[in-house]
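1. For reference, the sequence and a predicted model appear below.
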Amino acid sequence: MNQDFMLALEAIERERGIKKETLYEAIEAALISAYKRNFNSAYNVRVNIEKETGEIKVFSCKDVVEEVVDPQLEIHLDKARQSNPLCQNGDILEIEVTPKNFGRIAAQTAKQVVIQRIREAEREMIYEEYIDRVDDIITGVIHRFEYRNAIISLGKAEAILAPTEQIPRENYKQGDRIKAYIIEVKKTNKGPQIYISRTHPGLIRRLFELEVPELYNGIVEVKNVVREPGNRSKIAVYSRKKEVDPVGACVGPRGSRVQAIVNELKGEKIDIIEWNEEPEIFIASTLSPAKTIKVETRPENKSALVVVPDYQLSLAIGKEGQNVRLAAKLSGWKIDIISESSYMERFRGNDPEEENALVAPEEIEEIEEAEAMDEPVGGNENDMDININNADDNNLDKEGM
């Protein structure tokens, strides 16, 4: 090898991040194999590359003995002392055996080894980079499509967006820049395989962390995220500081923060809910944008009966039950929704004690007075959406675009 080749190794170290020592070791091992293959040598061979000049020398390593059994592996003590007077029985003597035409073989071998090691090192570096980014968000450009899989270019690597991880009805075009969630990184013979998702709930969480400084700083915490990709998502947030409104922080000035996320998800609606340790309050909030009148919980089977105004029933249930389904997933409670009129009919005429057991004590007097005056509970119809569990209406009304 000449000086230009040594300079090339230095350039590879700078540009690719592969240490010269690693390349030297690989080249030396390959040269030993090439020497044995071309010159029918025994296994006791060492190759040395002079780091400054690039000069290559091959040495045969033989055991110094008083009685030679195998000449390829052993050398007599007297003969060894002709090369090195200090040799003793049991030492290893290195004798240079560099062939005259070994330079051409060395150059070809070194080139192949360097190319192979560069590929292996790049694959390992990519794997190490992305294995630590599982459950994180990445930005890439759609490069091509293979069997309905979208191949996303990440620069040095490519990621696979499988059909099952694509948002329904979302159109992907070559050259589009998208954000996705890394769900898995595998090491294969062809290099690392990076699998990403646009449907994972973690994508919502990470997008909010990018847009909301309070989340990144730990002031606001995401308790849970549920979604039906392409349609609607619900996210429960909590503030560690009383003076910070978690919902307002996520919505941003004039809705700018949540709107940026909605745009990235191509119009997917997002409900931002304030988490509360009181199940009644939190369940009422999860049904946003619908308002509730009362929530009855049954902790023994973790279910809840929610009463809503008649005109809010369809809103609370949502299209094809979507809103209540997401609310149940977010809260972790089984939720049954009933309209106010159905609730009143269910208990009207029942035993007073049974009715009173199901109705909150503070409402009993109000209901009796309303029935006597033949007026709706709360004084008038406009008051029917009062939340008797004192849930904050502002929190119920806050919704992402």
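-> The structure has been received and is ready for your questions. Residues are numbered from 1 along each chain as shown.
2. domain ranges for the protein?
-> As assigned by automatic domain parsing, the chain contains the domains 3-130, 135-197, 200-275, 287-392.
3. least reliable of those domains going by mean pLDDT?
-> Confidence, taken as mean pLDDT, is least for domain 287-392 of these (a mean of 71).
4. for the lengthiest strand in the chain, packing partners?
-> Counting residues, the longest strand found in the chain (DSSP state E) is strand 177-188. Secondary-structure packing of strand 177-188 (3 or more Cβ pairs under 8 Å, 6 or more residues apart in numbering; DSSP states H and E): helix 102-131, strand 137-146, strand 158-161, strand 191-197, helix 201-211. Just so you know, the C-beta spots here come from the backbone N, C-alpha and C atoms, and that holds for glycine as well.
5. and for the third one, what are the contacting residues?
-> Here strand 158-161 makes contact (Cβ atoms under 8 Å, 6 or more residues apart in numbering) with 138, 140, 143, 149-152, 172, 180, 182, 193-198.
6. Apply 6 Å and report the result again.
-> Contact with strand 158-161 is made by Asn149, Ala150, Ile151, Ile152, Ile194, Tyr195, Ile196, as judged by Cβ atoms under 6 Å, 6 or more residues apart in numbering.
7. Adding neighbour count, write those residues out as CSV.
-> CSV is the format used below for those (neighbours: other Cβ atoms under 10 Å):
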residue, neighbour count
Asn149, 15
Ala150, 25
Ile151, 15
Ile152, 24
Ile194, 27
Tyr195, 18
Ile196, 25
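8. would you list those in CSV and tack on distance to Ile12?
-> Formatted as CSV, these follow (distance: Cβ to Cβ, whole Å):
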residue, distance to Ile12
Asn149, 33
Ala150, 33
Ile151, 28
Ile152, 28
Ile194, 25
Tyr195, 30
Ile196, 30
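9. Check the residues you listed against Thr53 and report the nearest one.
-> Comparing the contacts of strand 158-161 against Thr53 with Cβ to Cβ places Ile194 closest, at 42.5 Å.
10. measure the closest one to Ile131 for me?
-> As judged by Cβ to Cβ, to the nearest Å, Ile194 and Ile131 stand 9 Å apart.
11. swap in Glu52?
-> Distance of Glu52 to Ile131, given as Cβ to Cβ: 38 Å.
12. Could you do Ala150 as well?
-> For Ala150, the distance to Ile131 - Cβ to Cβ - is 22 Å.
13. now do Ala249
-> With distances taken as Cβ to Cβ, Ala249 is found 32 Å from Ile131.
14. Please say which of those two ends up with more neighbours.
-> Ala249 (19 against 15; other Cβ atoms under 10 Å).
15. The more buried one belongs to a helix?
-> Yes - assigned with DSSP: H, G, I helix; E, B strand; the rest coil, Ala249 falls within a helix.
16. Hmm, Glu214 and it touching each other?
-> Yes - in this structure Ala249 lies within contact range of Glu214 using Cβ atoms under 6 Å: 4.4 Å.
17. Identify the contacts common to the two.
-> With contacts taken as Cβ under 6 Å, 6+ apart, Ala249 and Glu214 have Val220 as neighbours in common.
18. For Pro246, list the residues it contacts.
-> Each residue near Pro246 by Cβ under 6 Å, 6+ apart is listed here: Val220, Val237, Tyr238, Ser239, Glu274.
19. Among the residues you listed, name the buried ones.
-> Buried by 16 or more other Cβ atoms under 10 Å: Val220, Val237, Ser239, Glu274, out of the contacts of Pro246.
20. could you redo those as JSON lines and give each row secondary structure?
-> Formatted as JSON lines, the buried ones among the contacts of Pro246 follow (three-state DSSP):
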{"residue": "Val220", "secondary structure": "strand"}
{"residue": "Val237", "secondary structure": "strand"}
{"residue": "Ser239", "secondary structure": "strand"}
{"residue": "Glu274", "secondary structure": "strand"}
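21. Out of these, which is nearest to Asn263?
-> Distance to Asn263 across the buried ones among the contacts of Pro246 (Cβ to Cβ) is lowest for Val237, with 20.0 Å.
22. now that closest one, nearest residue through space, not along the chain?
-> Counting by Cβ to Cβ, 6 or more residues apart in numbering, Pro246 is the residue found nearest to Val237 once chain neighbours are left out, at 4.1 Å.
23. Relative to Arg227, how far out is Lys269?
-> According to Cβ to Cβ, Lys269 and Arg227 sit 10 Å apart.
24. between those two, who's got more neighbours?
-> More crowded of Lys269 and Arg227, by other Cβ under 10 Å: Arg227, with 23 against 19.
25. Report the separation between that one and Ile92.
-> Here the criterion is Cβ to Cβ. By it, Arg227 lies 68 Å from Ile92.
26. what would the helices and strands packed on strand 177-188 look like in a markdown table with distance to Arg232?
-> Output for the helices and strands packed on strand 177-188, formatted as a markdown table (distance: least, Cβ to Cβ, whole Å):
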| stretch | distance to Arg232 |
| --- | --- |
| helix 102-131 | 30 |
| strand 137-146 | 20 |
| strand 158-161 | 22 |
| strand 191-197 | 18 |
| helix 201-211 | 11 |
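27. Quick one: closest of these to Pro309.
-> The nearest among the helices and strands packed on strand 177-188, by Cβ to Cβ, is helix 201-211 at 29.7 Å.
28. So for this protein, the centremost residue is which one?
-> Residue closest to the average C-alpha location in the chain (Cα atoms, centre = their mean): Asp135, at 1.7 Å.
29. How about that residue, nearest residue that isn't a chain neighbour?
-> Leaving out its chain neighbours, the residue that sits closest to Asp135 by Cβ to Cβ, 6+ apart is Gly202, at 6.0 Å.
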